[in-house]
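Asks: Quick check, what structure comes out for this input:
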Amino acid sequence: MASDQQTAHSGVPGSPLGSVSLFLLLFSLWLILNSSIALPILVSGAAIALAICWIFMRRSGTWRHVVPTPRSAFHFLAYTGVFFVELVKANLNMLRYVYARRIDIHPGIVRITIRLKSPIGRLALANSIALTPGSLVMAIKDDALFIHWLDVKTVDPELASEMIAGPFEKHLGAIFG
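Replies: Have a look, this model is predicted:
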């Protein structure tokens, strides 16, 4: 009983799968960003990933619910592809605005409904939206995100949800719940 209370208060999760998946994600990102597998890069990447993982695991129990499975790995790869495609589309759209003789945009704030329940899934969705040019997450309240959209196509929350969050939510829901 005392160890359960200590675990709950310290934020250290009971299952090591969440910490292993977080470490592997961080270490993989380190290797990708450095484009090298030289020994100093491997050692420093492992140390940094381990330190960040330890901090996350001590401060938050969010990653305790992330269990790596073949299905979640597939959806992570699919999400990465979808994010890349949406990022390219948004950048090309921004180029169109920049090089147009007359900029015809309709900026505004729209409310979208999100189906994701886990905090880490919601964070990943908000970051995905904010990282695509032309949209910025202003607030998260209950099951809604308030988005500043550079060119508002609709104010209907359901249609806007499908246009903005739709490509990401399916895969993030499969990964994080």
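
Asks: where along the protein do the strands fall?
Replies: Using DSSP state E, the strands found in the chain span residues 108-113, 135-141, 144-149.

Asks: which regions of the protein lie under the pLDDT threshold?
Replies: 1-18, 59-68, 177 (pLDDT under 70).

Asks: Which helix runs longest in it?
Replies: The helix spanning the most residues in the chain, taking DSSP state H as the definition, is helix 70-99.

Asks: wait, what's in contact with I37?
Replies: Taking CB atoms under 8 Å, 6 or more residues apart in numbering as the definition of contact, the neighbours of I37 are L31. Bear in mind the C-beta positions are built from the backbone N, C-alpha and C, glycine included.

Asks: Tell me how far K89 lies from P70.
Replies: 29 Å (CB to CB, to the nearest Å).

Asks: Need the nearest residue in space to the residue nearest the centre of the chain, chain neighbours excluded.
Replies: Most central residue of the chain, judged by C-alpha distance to the mean C-alpha position with CA atoms, centre = their mean, is A124 at 1.9 Å. The spatial neighbour of A124 that comes closest, neighbours along the chain excluded (CB to CB, 6 or more residues apart in numbering), is L172 at 5.3 Å.

Asks: doesn't Y79 make contact with the one you found?
Replies: Yes: the pair formed by L172 and Y79 meets the contact definition of CB atoms under 8 Å, at 6.2 Å.

Asks: more neighbours, those two?
Replies: Neighbours per residue (other CB atoms under 10 Å) separate L172 from Y79, with L172 holding more: 26 against 22.

Asks: residues in contact with the more buried one?
Replies: When contacts are counted by CB under 8 Å, 6+ apart, L172 touches 75, 79, 116, 121, 124-125, 128.

Asks: how about those in a markdown table, adding distance to N93?
Replies: Compiled in a markdown table, those are given as follows (distance: CB to CB, whole Å):
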| residue | distance to N93 |
| --- | --- |
| H75 | 26 |
| Y79 | 21 |
| L116 | 25 |
| G121 | 26 |
| A124 | 22 |
| L125 | 20 |
| S128 | 16 |
